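S.K.: kindly generate the corresponding structure for this input.
(one chain, ligands or ions: 2)
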Amino acid sequence: MAKIHSARQRQGDKRWDFTVSSDEEGWCHPTGYCSGFEHPDEVDRKSEEQGWPKMRQEERDKTLLHRAKFHEDGHATAKEASDCHDDYELDFELRFSENPDEMLKCASCGDFTTGRCTVGTFGRYVLCRQHQTRDETKKVRDADRAARQR
Ligand SMILES: [Zn+2]
Ligand SMILES: [Zn+2]
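M.R.: Numbers count the residues shown, from 1 in each chain. Ligands and ions are numbered 1, 2, ... in the order given. A predicted model of the protein is given here:
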């Protein structure tokens, strides 16, 4: 099933949320920080009722660490909603890894490296160990998007 990730405007108050949706199945709900804060204890309680697994410790820790960023009041513009989700991906969905089979140029410094970075659903970059940080990932992703828009 194809899920769509996009900023969408609410029917009611015209505010924008970053959402995940499925046209085929006819549902759409806010995701990431736009979905509001729910305490991990409460999430686990509901999961238990459904027989679903508990939150991973890492996700639980991050949710509490960044709890102030969660909100339900939407955004004034689509851009703001997208930026909100970019921030969420950097906080929750940033992974660094190595591909020992292939040396590629680091997107930051140009040195050959086996280092890799994934962020969110679509971000795939080459980053050497030295540049495997949240800040560098943000820079590289912003630059990559700007280049694609040309
Ligand atoms: Zn938001
Ligand atoms: Zn580098």
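S.K.: for the residue positioned nearest the centre of the chain, give me its contacts.
M.R.: What sits nearest the mean C-alpha location of the chain, by CA atoms, centre = their mean, is residue 89, with 2.1 Å. Contact partners of residue 89, counting by CB atoms under 8 Å, 6 or more residues apart in numbering, are 32, 119, 120, 123. For glycine as for every other residue, the C-beta is placed from the backbone atoms N, C-alpha and C.
S.K.: give the helix, strand or coil label for it.
M.R.: Under DSSP: H, G, I helix; E, B strand; the rest coil, the three-state class of residue 89 is helix.
S.K.: one more: residue 21?
M.R.: strand.
S.K.: next, the contact list for the closest residue to it other than its chain neighbours, please.
M.R.: Spatial nearest neighbour of residue 21, chain neighbours left out: residue 28 (3.5 Å); criterion: CB to CB, 6 or more residues apart in numbering. Counting by CB under 8 Å, 6+ apart, residue 28 makes contact with 8, 19, 20, 21, 22.
S.K.: of those - the most surrounded one?
M.R.: residue 19 (22 neighbours; other CB atoms under 10 Å).
S.K.: tell me which residues form a beta bridge with the residue nearest to that one when sequence neighbours are not counted?
M.R.: Spatial nearest neighbour of residue 19, excluding adjacent residues (CB to CB, 6+ apart): residue 8 at 4.7 Å. Judged by DSSP bridges, the bridge partners of residue 8 are residue 17.
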